[in-house]
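Enquirer: Mind looking at a prediction? Sequence and model below.
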Amino acid sequence: MSFATILGLGQTALELGLINSLVVLSLFLSYSMLNVCDLSTDGCFTLGAAVGAMVAIAGYPYLSLPAAVCAGMCSGFVTAVLQTRMGVDSLLAGIVVNTGLYSVNIAIMGGKSLVNLNKVPTVFSMLKDVLKPTALKGLETLIVALLAVAIVVVFLSWFLRTRLGLSIRATGNNPDMVRSSSINPIMTTTVGLTISNGFTALSGCLLAQSQKSADINIGSGMLTVALASLLIGGVFFGRRRIPVRAIGAVIGAFLFRLVYTIALRFNMPSFMLKATSSVIVILAMFIPYLKRQYPNFCRRLEARKGGR
Amino acid sequence: MLILEQVNKTFSPGTLDEKHALKDVSLHVKPGDFISIIGANGAGKSTLFNAVCGVFYTDTGRIILGGKDITMTPDFKRAKVIGHLFQDPMRGSAPDMSIEENLALAAGKGGWLSRVSRADRAQFRDRLALLGMGLEDRMDHRVGLLSGGQRQALTLLMATYNVPKVLLLDEHTAALDPGTAEKVLNLTKSIVEENHITCMMITHNMQSALELGNRTIMMDQGRIIYDVQGEERSKLTIHDLTEKFRQASGRALDNDRMLLGVDE
């Protein structure tokens, strides 16, 4: 394997890692901070891809990004209202929205399950033309993704230290305390989920435009993949300050992609991506559990040996 | 200050578990009152506090605080003027956030997008120093790292940071060791006296029920069965209290269930 190939692989992993890390940051807000497992993530990712693709096809490549973010925020708002104001269980609210989004996404893509962006100007193709004569040639995906991630990380680092951000963190930590601080946890949950879904949709929009197509299954399994990345990042930066943890989430996404890319080189079939992410999530949950249980397990074994 | 008029609450009505937890409870708390509340387990003491805080809406009756009818006001809005401490020291603060961040939420100053300013930090530090636990030098530590006593003291500070109209203490020292409990109780007394906070305290310790405050209420089976203050209260002994209980409720006070902390 030549050096250029390795570099190329590294760049692809970095690009895809960065784009995916937006979903990881979304989960960082909803799952780590708000303690809500948002199962509408897959559908919301596809929603972002669909909206982004259609707006780009309509001839507004730059507008496609804010449009996707807005669509995602609407979806997050619905998920939040279902679980805070309409008595739907939190997990169920996500599942219901996810299912509903399938139809919504196909409707947005004009009744088709695949939209091609080959001959359509996207943020990436526009930037590609700009960068062609410069030294940054061929790095347009990386630059856009990096910029998006940087904005989101800076935003989160600032936001989670404001009073509203603190309330959102406390809601996931101790809702009773939020109420006794005269803050309505319904409001904080709604704001948190709305924002986090905006990031998810942005990620979907960027992925669709970078791979020049949006299909209805683009987001399937995204929640597990992102959760795996989040947990990998948490291993290294779990108890640090908020900005460090946010960057940790991004690094986790990159590491996950890197391992996956390397595995592909060693002839792992590409359809194994989702199984890999499932296994990582399971391990990330199981290992701490095992650490707690193992001493007791040993003692029980000893008691059984000696006791008889 | 705080007025309850004919308040009733029944849990799980129409089922086998039906419990009439508050029966025609009327109470008039005057500004500056420090009321100790005693009664056996299940007498309705905590339910009374929860009704005042808005954990649930009462079935009938009115609750008026500071001249405003709050009967149907949601709990988080009432929290602005009501402080509530529980037996469990973990309930009042967010463990994964720092002391400073917890205080920032309790202080609730500034707009939604404002951050903790240097002035805020200095004020937090001064207030923490009053607790005498050295917490002012650990403002960036996670609250989860504090001991139960430190956490309860912090919760007390948070609940009284913006002086509430009424402070409800639900056995807030019962889970602490005797030394720490005394320390937290003394802190409570000094904060309440300094800010002239109207206060209600549930206790299972008859001794402190009579020593603390200016008024004592006894509850049984969802009713207030005895309400004493002034001269009559100052002459009261623990023995008299148990006797009163027998007279009012028609049965002997079950000492074990009341967990009396009687020093004899």
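Expert: Perfect, I can see it now. The structure displayed is predicted, hence computed values, not measured ones.
Enquirer: How about the residues of the stretch 101-250 of chain A by chain B?
Expert: A:161-164, A:166-167, A:169-170, A:173-174, A:176-185 (C-beta under 8 Å from any C-beta of the partner chain). To be clear about C-beta, it is placed using only N, CA and C from the backbone, and glycine gets the same treatment.
Enquirer: Which members of the residues you listed occur in helices, if any?
Expert: Secondary structure from DSSP state H places A:163-164, A:166-167, A:169-170, A:173, A:176-180, A:185 of those in helices.
Enquirer: The chain: strands as residue ranges?
Expert: In the absence of a named chain, this looks at chain A. In chain A, the strands defined using DSSP state E lie at A:114-116, A:213-215.
Enquirer: meant chain B, my bad for not saying
Expert: Using DSSP E, strands in chain B cover B:2-11, B:19-29, B:34-38, B:60-65, B:68-69, B:82-85, B:166-170, B:198-202, B:215-220, B:223-229.
Enquirer: The fourth one pairs with which strands, and in what direction?
Expert: I take that to be strand B:60-65. When pairing is defined by DSSP bridges, strand B:60-65 lines up against strand B:2-11 (antiparallel), strand B:68-69 (antiparallel).
Enquirer: Using a markdown table, lay out these together with mean pLDDT, mean neighbour count and distance to A:Ser196.
Expert: Below are those laid out as a markdown table (pLDDT from 0 to 100; neighbours: other C-beta atoms under 10 Å in any protein chain shown; distance: least, C-beta to C-beta, whole Å):
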| stretch | mean pLDDT | mean neighbour count | distance to A:Ser196 |
| --- | --- | --- | --- |
| strand B:2-11 | 94 | 18 | 37 |
| strand B:68-69 | 94 | 12 | 37 |
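Enquirer: and A:Phe237, which of those is closest to it?
Expert: Nearest of these to A:Phe237, taken as C-beta to C-beta: strand B:2-11 at 45.4 Å.
Enquirer: Could you check how far that closest one is from the centre of its chain?
Expert: Here the centre of strand B:2-11 is set off from its chain's centre by 17 Å, with C-alpha atoms, centre = their mean, to the nearest Å.
Enquirer: neighbouring contacts of that strand?
Expert: For strand B:2-11, contacts defined as C-beta atoms under 8 Å, 6 or more residues apart in numbering or on different chains pick out B:17-29, B:47-48, B:51-52, B:56, B:58-66, B:165-166, B:198.
Enquirer: still on that earlier bit, highest average neighbour count across the strands of chain A?
Expert: strand A:213-215 (a mean of 22; mean count of other C-beta atoms under 10 Å in any protein chain shown).
Enquirer: okay, the closest residue to A:Glu140 other than its chain neighbours: pLDDT?
Expert: The shortest distance from A:Glu140 to any residue that is not its chain neighbour, by C-beta to C-beta, 6 or more residues apart in numbering or on different chains, is 4.1 Å, and that residue is A:Leu127. At A:Leu127, the pLDDT value in this model is 90.
Enquirer: List the contacts of A:Leu127.
Expert: Neighbours of A:Leu127 in contact, by C-beta under 8 Å, 6+ apart: A:Glu140, A:Ile143, A:Val144.
Enquirer: For the residue nearest to the last one when sequence neighbours are not counted, which residues are in contact?
Expert: Once flanking residues are discounted, A:Val144 sits nearest to A:Val123: 5.7 Å by C-beta to C-beta, 6+ apart. With contacts defined as C-beta under 8 Å, 6+ apart, A:Val123 is in contact with A:Pro61, A:Tyr62, A:Ser64, A:Leu65, A:Val144, A:Leu206, A:Gln209.
Enquirer: Quick check on the contacts of A:Leu127: which are buried?
Expert: A:Glu140, A:Val144 (16 or more other C-beta atoms under 10 Å in any protein chain shown).
Enquirer: In a markdown table: the contacts of A:Leu127, plus distance to B:Thr173 and pLDDT.
Expert: Listed next are the contacts of A:Leu127 as a markdown table, based on distance: C-beta to C-beta, whole Å; pLDDT from 0 to 100:
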| residue | distance to B:Thr173 | pLDDT |
| --- | --- | --- |
| A:Glu140 | 64 | 89 |
| A:Ile143 | 60 | 93 |
| A:Val144 | 58 | 94 |
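Enquirer: Nearest to B:Asn214, out of the contacts of A:Leu127: which one, please.
Expert: For the contacts of A:Leu127, the residue nearest B:Asn214 by C-beta to C-beta is A:Val144; the value is 69.3 Å.
Enquirer: Flag every buried residue along stretch A:89-107.
Expert: Quick answer for stretch A:89-107 (16+ other C-beta under 10 Å): A:Ser90, A:Ala93, A:Gly94, A:Val96, A:Val97, A:Asn98, A:Leu101, A:Tyr102, A:Val104, A:Asn105.
Enquirer: and that stretch, how far out from the chain's middle?
Expert: 17 Å.
Enquirer: What of stretch A:152-166?
Expert: 17 Å.
Enquirer: Flag every buried residue along that stretch.
Expert: Those would be A:Val152, A:Val153, A:Leu156, A:Ser157, A:Phe159, A:Leu160, A:Arg161, A:Thr162, A:Arg163, A:Leu164, A:Gly165, A:Leu166, for stretch A:152-166 by 16+ other C-beta under 10 Å.
Enquirer: which bits of chain B sit near chain A?
Expert: Going by C-beta under 8 Å from any C-beta, the residues of chain B near chain A are B:74-77, B:79-80, B:83-84, B:90-97, B:101-102, B:104-106, B:108, B:110-116, B:158-159.
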